[in-house]
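J.: Structure for this input, please:
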Amino acid sequence: MEEVVGSSPIRSTNQKMFKNPTHNSLAFILIVLVAIVDGILVADHFYAKSPNTSTIEPVTSDITETIEVTAPPVVVPVKSVPFITQAPLGIWKSPWTEYAEEACVYMAYKWANNEGVSTQKIASDDLYGIGLWENEQFGSSKLTDASQTLQILKEYLGHTKATLSYDLGAEDIKMLLDQDMVMIVPVNGGLLLNPHYGKPAPEHHMVLIYDYDETTFITNDPGTLYGEAYAYNQTALLNSIQDLNGDKVMIVVGR
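T.: The predicted structure follows:
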């Protein structure tokens, strides 16, 4: 029997392995997959058992920062009415001493038309013009009652959004003021006790009410240099209302 030189079991086995490369690739892949799965399992086991592991919450984009915003205070504007005295140029003698009604009508008209007083000279001339018209219509400008004063506003100045109202109480006046109206009010000046009046205080006088607070009515009183935004006690002013014939009447003026 002839001897085969160089033959060995190892060489024979290696030859069989290299003769089937597909089997070798599959075996390698299988080994790698087993190693990966085993590594994952070991990592999960370690993560679950580790006492120092803390849970980290995911960061999301839905987090909204809450900012407290303080609203600015609500400022309620105070109604204002242009002011003049019945003697705009400081001439406190006739006929200016009788022009309280004319001055109140003039202020109400300027307010209703969103106008200011251009100059004291113009205001003085305008009041004098009203006086001349009264002389023609009524025969005098010295004493004008509420009804005639309303005529000045409607017929001479052409402002028709005005009416006479009788026996109004404090709450009625406040309601009308809140509706953006003003009142021309005939008063007995002696009952108002205004320290700025001359002596004697005017028995037949007029003031213009345009605002109020808790206890007073805010007026423009043309009978004094200090009459702008003059505050009269509500009760005192109501008690002083008195037309030439004694009626509790006032002229309510709107825009």
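
J.: List the residues that contact the residue nearest to residue 162 when sequence neighbours are not counted.
T.: Nearest in space to residue 162, with sequence neighbours left out and distances taken as C-beta to C-beta, 6 or more residues apart in numbering, is residue 253 at 4.5 Å. Every C-beta, even on glycine, is put in place using the N, C-alpha and C of the backbone. By C-beta atoms under 8 Å, 6 or more residues apart in numbering, the residues touching residue 253 are 108, 111, 112, 153, 159, 161, 162, 181, 182, 183, 184.

J.: Can you say which of those residues are buried?
T.: Among these, those that count as buried by neighbour count (16 or more other C-beta atoms under 10 Å) are 108, 111, 112, 153, 159, 162, 181, 182, 183, 184.

J.: where in the stretch 151-255 of the chain is pLDDT low?
T.: When the per-residue scores of the stretch 151-255 of the chain are filtered using pLDDT under 70, no range remains.

J.: sorry, back to before: okay, among the buried ones among the contacts of residue 253, which ones form the most distant pair?
T.: The widest separation within those, taken as C-beta to C-beta, falls between 159 and 183 and amounts to 14.4 Å.

J.: all helices for the stretch 151-255 of the chain, in order.
T.: Residue ranges of the helices in the stretch 151-255 of the chain, as given by DSSP state H, counting those that start in this stretch, are 170-178, 189-192, 234-240.

J.: between those, which gets nearest to residue 198?
T.: helix 189-192 (9.8 Å).

J.: show me what contacts residue 242?
T.: Contacts of residue 242 (C-beta under 8 Å, 6+ apart): 186, 187, 188, 191, 248.

J.: And residue 112, by the same measure?
T.: With contacts defined as C-beta under 8 Å, 6+ apart, the neighbours of residue 112 are 159, 161, 253, 254, 255.

J.: With residue 212 instead?
T.: When the contact criterion is C-beta under 8 Å, 6+ apart, the partners of residue 212 are 173, 174, 177, 218, 234.

J.: Spatially, which residue comes closest to residue 247, not counting chain neighbours?
T.: Here the residue nearest residue 247, using C-beta to C-beta, 6+ apart, is residue 166, at 6.7 Å.

J.: Just confirm that neighbour contacts residue 246, I think it does.
T.: No. With contact defined as C-beta atoms under 8 Å, residue 166 and residue 246 do not form a contacting pair (11.8 Å).

J.: Closest one of the contacts of residue 112 to residue 89?
T.: For residue 89, the closest of the contacts of residue 112 turns out to be residue 159, at 24.7 Å, with distances computed as C-beta to C-beta.

J.: now the closest one: how far from residue 251?
T.: 11 Å (C-beta to C-beta, to the nearest Å).

J.: Now the common contact residues for those two.
T.: For the pair residue 159 and residue 251, residues contacting each of them under the criterion C-beta under 8 Å, 6+ apart are 108, 153.
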